[in-house]
Each structure stands twice: as C-alpha cells, then as structure tokens.
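Enquirer: Okay, predicted coordinates and the sequence, questions at the end:
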Amino acid sequence: MTTAPLLAIEGLCAAYGEAQVLFGVDLSVMPGEAVSLMGRNGMGKSTTIKAVMGMLPATAGSIRFAGQALAGQRIYRVAQRGIGLVPEGRQIFATLSVRENLVATARGKGPWDLDAVYALFPRLSEREHHLGSQLSGGEQQMLAIGRALLTNPRLLILDEATEGLAPLIRAEIWATVRRLREAQLAILIVDKNLRALSELCNRHVVLERGRTVWQGNSADLQADFETVSRYLSV
C-alpha cells in the first residue's frame, strides 16, 4: 500500500501584488522523509514556504497537509496542524530570554519539551537566561530550531538552515538535522550546500523562475549532478 504524502503541493502559483513569483511549483514530502528545496536566490523557494505557512495566498494550485487543504488558513492554524518553521533570518525575540523564546511557542503533547531541546542543544541550556540579542548567530539558529521543535511538528521546514554561520556551527546544525531525520521527523529544507543536502535528504526539488524544473532522489542527483549544479550556479 502506497503511503500518502504528508505535504503535497501541486501547480502552486503565487504573487506579490501584480508581480507573479510562482508559476507552477510541484513538490511533496512523505512521512519521515527529508526533502531539499533548491534554486538560486530569487527563484521562489522562500515564497513557496510562505505560501505553505499561510503568509502569502496561493493564486492557483493546491497545498495539502495530511490530506487537508491549507489554502486560506491563518499562520497559527497551519502551525497547529503540525508544521514547524525555522524561518530565514531566525526571527527570534531579541528582548526575551532563551527560555522565554522557547516556551512562547510550546504546545501539545509529544517528544519535544524543554528538556529534550536542551539535550539536543546543551548550549541553550547554558545560556537559558541570556537574552536573544546576546546570542551568537549559531546560538540563535539553535534557538530557532528548538522553538520550532517545541510545537511538536509533524513536518519541520528550515529556510536557509546554515546561512551566515561559521563552518564549525554549520557542521553542528547539519548533525542536528541528521539526528532529526533519523528520528523519522519529516523535513523540508532550503540551503545552498548541495553536497550536504545530497547526503542528508531522500529527495530533491529544484526551482527555476518559480517553476519546478527538476526532481529526483539522491541517486538521480548524483547521476545528474552537472545539470543540477547549472541550475544552482550564479
């Protein structure tokens, strides 16, 4: 029996006012699967995520999560359905402590509570009473991931997961995402590190000018590496 996708996007179109950005995006994420969303800057990756989260209305196509349509849902309703977002730029609360940032979004029963997040990121436990503004970029990214996990999501979306981070911190974030994948959490991840994504994710989707232009698994990616690399090159 074929398992239905957890997230299914078909023919998605979206616009900012009169400026259309998405012209037909197709992608899916199965339960327990990690999928990468790739493309050059301005190709529609973040816009796709905004449409999924209810931050931007779709003008055509469909977005379904766990079999239910997400169109027209408010952001908090999307989160309540089980989608956790780690946004580009982290967007933590600078004037709240680490603990306050985490508990502000905590909800529901599940594997993720404050102790579990501190076990995943011991550095956050050490800085529990520090303000968000006092954290390094890497610590802020850990906090953003921990905050999303405390919603106990069925799907975790990471937008630009390692952007602007030092190499050692990037490696730590990748190791964390790998642990989450091994725990069978479904993941949709945007990042520019093609090698890391090819090792981590089950499948890959490439956007070009607001359209899905390539999809495949990691074996397909290795076989077609030059083609995908051209889509991603500046």
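Expert: In hand now; what should we look at? Residues are numbered from 1 along each chain as shown.

Enquirer: neighbouring contacts of the longest helix along the chain?
Expert: Using DSSP state H, we find that the single longest helix of the chain is helix 167-182. For helix 167-182, contacts defined as Cβ atoms under 8 Å, 6 or more residues apart in numbering pick out 34, 120-121, 136-138, 141-142, 145, 149, 156, 158, 161-162, 165, 187, 189, 193, 196, 200. Where C-beta positions appear, they are placed from N, C-alpha and C, glycine not excepted.

Enquirer: Could I get the CA-only coordinates of it as PDB?
Expert: The C-alpha trace of helix 167-182 is given here as PDB (Å, rounded to 0.1, in the frame of the first residue of the first chain):
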ATOM      1  CA  PRO A 167      31.900  26.300   9.300                       C
ATOM      2  CA  LEU A 168      32.000  24.600  12.700                       C
ATOM      3  CA  ILE A 169      28.500  25.800  13.600                       C
ATOM      4  CA  ARG A 170      27.200  24.800  10.100                       C
ATOM      5  CA  ALA A 171      28.600  21.300  10.800                       C
ATOM      6  CA  GLU A 172      26.800  21.200  14.100                       C
ATOM      7  CA  ILE A 173      23.500  22.300  12.500                       C
ATOM      8  CA  TRP A 174      23.800  19.600   9.800                       C
ATOM      9  CA  ALA A 175      24.500  17.000  12.500                       C
ATOM     10  CA  THR A 176      21.400  18.100  14.400                       C
ATOM     11  CA  VAL A 177      19.200  17.900  11.200                       C
ATOM     12  CA  ARG A 178      20.600  14.400  10.600                       C
ATOM     13  CA  ARG A 179      19.500  13.300  14.100                       C
ATOM     14  CA  LEU A 180      16.000  14.700  13.500                       C
ATOM     15  CA  ARG A 181      15.800  12.800  10.200                       C
ATOM     16  CA  GLU A 182      17.000   9.600  12.000                       C
END
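
Enquirer: so where's the chain shaky on pLDDT?
Expert: Counting by pLDDT under 70, the chain has low-confidence residues at 1-2, 234.

Enquirer: Helices of that one, residue ranges please.
Expert: Per DSSP H, the chain carries helices over the ranges 45-53, 75-81, 98-103, 114-120, 122-126, 137-149, 167-182, 194-200, 218-223, 225-232.

Enquirer: Who are the packing partners of the third one?
Expert: When you say that, I think you mean helix 98-103. When contacts are defined as 3 or more Cβ pairs under 8 Å, 6 or more residues apart in numbering; DSSP states H and E, helix 98-103 sits against helix 114-120, helix 137-149.

Enquirer: still on that earlier bit, from the contacts of helix 167-182, keep the buried residues only.
Expert: Buried members of the contacts of helix 167-182, scored by 16 or more other Cβ atoms under 10 Å, are 34, 120-121, 138, 141-142, 145, 149, 156, 158, 161-162, 165, 187, 189, 193, 196, 200.

Enquirer: one step back: what is the distance between the longest helix of the chain and the centre of its chain?
Expert: Here helix 167-182 is found 14 Å from its chain centre; the criterion is Cα atoms, centre = their mean, to the nearest Å.

Enquirer: Give the buried residues for that helix.
Expert: For helix 167-182, burial by neighbour count (16+ other Cβ under 10 Å) applies to 169-170, 172-174, 176-177, 180-181.

Enquirer: That one to helix 137-149, inter-axis angle?
Expert: Relative orientation of helix 167-182 versus helix 137-149 (axes from the mean of the first three to the mean of the last three Cα atoms, to 10 degrees): 20 degrees.
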